[in-house]
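Engineer: predicted model follows, preceded by the sequence.
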Amino acid sequence: MSVPTPPTPRDLRRVALASLVGTAIEWYDFFIYGTAAVLVFAPQFFPGSSDLAGTLAAFSTLAVGFLARPLGGALMGHFGDRVGRKSMLVLSLLLMGSATFAIGLLPTYADIGVWAPILLVLLRFLQGFGVGGEWGGAVLLAVENAPAGKRGFYGSFPQMGVPAGVILSNSVFLLILATAGKQGFIDWAWRLPFLGSIVLVAAGMLIRAKIGETPEFEERQSRGVQRNPLLSVIKNNPRQLLLAGGTFLANNAIGYVMIVYMLSYGTKTLKLSQNTMLTLVLVASFVWLVTLPIFSAMSDRVGRSPVFLGGGLVLLVWSIPFFVLLDTKTIPLMVVAVVVTALGLSATYGPQAALFAELFDADVRYSGASLGYQVGAIFGGGFAPFIAAWLQGTTGSSLWVGVYLTALALISLVSIHVLRGQARTTVEATPQLV
């Protein structure tokens, strides 16, 4: 049996770039939908409704993408464990890019009636399916190529794709709003971010075409692969799957409240401008992007759990003050609100890639990591903007939104505490969870 050649420093740089750029493109596509759902989808696809009903309808289509993500994660995880990580990463990028481009061409309710929201939901489902298979493959591409003792740091590159995707999507929307104007944006210019994504997808495909399989997958493949890795991980690792999903609840929910619901809350409830709210999201995302690799590298030195617990405590105690500061409508205080939240998100999201990889053996790792991630995504971010909008709309107070997020943060803290000691040692000799 041949031993795979360890990646060279040049290979590592190429892998890091491929995992970051590809994931940023996928999340750009996923996030422009969320921003458009706040700014334009209610009047274009759900006309005649009240402001609250239109917002809830738009957010419900956002949730459809999250419902599709476990299916994409399960199917692509299964084949990613059998035939390789790279092929599934290419497939997910093509699927996401095609669905996003098609949304940019979609007729509105005024053009084709009820078929407009139906097709919107279908394309959102395809987006969710594509991104569901993306995360696990991108993470394993980085982590399984990482040198000993640096899984956390290299795992941060696909994680950085999330704030990078937010920055890219919101920057594009700000540019289009500034050039087309508010009415021009609503009438036609909202389509441009969706249509333009095809260029980014082509660039991502070129970068990913130059990478190979991970050494650990090649070594496992030489000894034979699992016949049914998806069923195997569900049967043999249900505890790890549920706890992994639990650790992700708060991060995903609070992240989507900040980058999606906060736009709606700021413009419709606080009566602030779209530019102001988009800029706040950009500030938070920049802090998130810069600090994420720092916390990830820290997890290599002190362990995943201490870093995660620190970030989880920030999210726990800050969920209510976050809205208290937003409600002041004072820009410096609102900046403090989003910056502190971004730090909590970085500390809980940065170590996650290595943490999830360490929970499963290599022959079921794509399936296990993807399913664990998507379980948390459904019950966390999938319904968070909808629930937040409903709580605010029915109670008239942001306090209950903060209480809801605090409860999720508590569940995530309990999950990471219970998960201590569950990490496997198959990627490297020493587990880094504790």
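Structural biologist: Thanks, I have the structure now.
Engineer: find the nearest non-adjacent residue to residue 313, please.
Structural biologist: Nearest-residue entry for residue 313: residue 413, 7.1 Å, with adjacent residues in sequence omitted and distances by C-beta to C-beta, 6 or more residues apart in numbering. For the C-beta atoms, the positions are set from N, CA and C on the backbone; glycine is no exception.
Engineer: again, but for residue 297
Structural biologist: Excluding its sequence neighbours, the residue lying closest to residue 297 (C-beta to C-beta, 6+ apart) is residue 153, at 4.3 Å.
Engineer: list the contacts for the one you found?
Structural biologist: Going by C-beta atoms under 8 Å, 6 or more residues apart in numbering, residue 153 touches 146, 293, 296, 297, 300.
Engineer: try 6 Å
Structural biologist: By C-beta atoms under 6 Å, 6 or more residues apart in numbering, residue 153 lies in contact with 296, 297, 300.
Engineer: quick one: residue 359 from residue 239, how far?
Structural biologist: From residue 359 across to residue 239, the span is 10 Å (C-beta to C-beta, to the nearest Å).
Engineer: revised request: answer the last question for residue 376.
Structural biologist: Noted for residue 376: a distance of 15 Å to residue 239, by C-beta to C-beta.
Engineer: before we move on, what about residue 156?
Structural biologist: Counting by C-beta to C-beta, the separation of residue 156 from residue 239 is 26 Å.
Engineer: neighbour count winner among those two?
Structural biologist: Set side by side, residue 156 and residue 239 show more neighbours around residue 156, with 30 against 12, by other C-beta atoms under 10 Å.
Engineer: which stretches in the stretch 1-150 of the chain count as helices?
Structural biologist: For the stretch 1-150 of the chain, applying DSSP state H, counting those that start in this stretch gives helices covering 9-36, 42-45, 51-82, 85-105, 109-112, 115-143.
Engineer: which stretch among those is buried most, on average?
Structural biologist: Neighbour counts (mean count of other C-beta atoms under 10 Å) averaged over each of these peak at helix 115-143, with a mean of 25.
Engineer: relative to helix 85-105, how tilted is it?
Structural biologist: Going by axes from the mean of the first three to the mean of the last three C-alpha atoms, to 10 degrees, helix 115-143 is angled at 150 degrees with respect to helix 85-105.
Engineer: which is the next helix or strand following helix 115-143?
Structural biologist: helix 151-187 (DSSP states H and E).
Engineer: which positions in that next one come out as buried?
Structural biologist: Neighbour-count burial for helix 151-187, with 16 or more other C-beta atoms under 10 Å as criterion, is recorded at 151-174, 176-177, 180, 185.
Engineer: so who does residue 318 touch?
Structural biologist: Counting by C-beta under 6 Å, 6+ apart, residue 318 has contacts residue 340.
Engineer: tell me the pLDDT at it?
Structural biologist: In this model, residue 318 is scored at 97, pLDDT.
Engineer: which helix or strand contains it?
Structural biologist: Here residue 318 is covered by helix 304-326, with elements defined by DSSP H and E.
Engineer: quick check: buried residues in that helix?
Structural biologist: Residues of helix 304-326 classed as buried: 304-312, 314-316, 318-320, 322-323, 325-326 (neighbour count, 16+ other C-beta under 10 Å).
Engineer: from residue 314, how far off is residue 294?
Structural biologist: Separation of residue 294 from residue 314 (C-beta to C-beta): 15 Å.
Engineer: same check on residue 120?
Structural biologist: 36 Å.
Engineer: quick one: low-confidence parts of the chain?
Structural biologist: By pLDDT under 70, the weakly predicted segments of the chain are 1-7, 48-51, 54, 62, 214-226, 421-434.
Engineer: got a list of what the residue minimising distance to the centre of it touches?
Structural biologist: What sits nearest the mean C-alpha location of the chain, by C-alpha atoms, centre = their mean, is residue 162, with 5.6 Å. Residue 162 is in contact with residue 27, counting by C-beta under 6 Å, 6+ apart.
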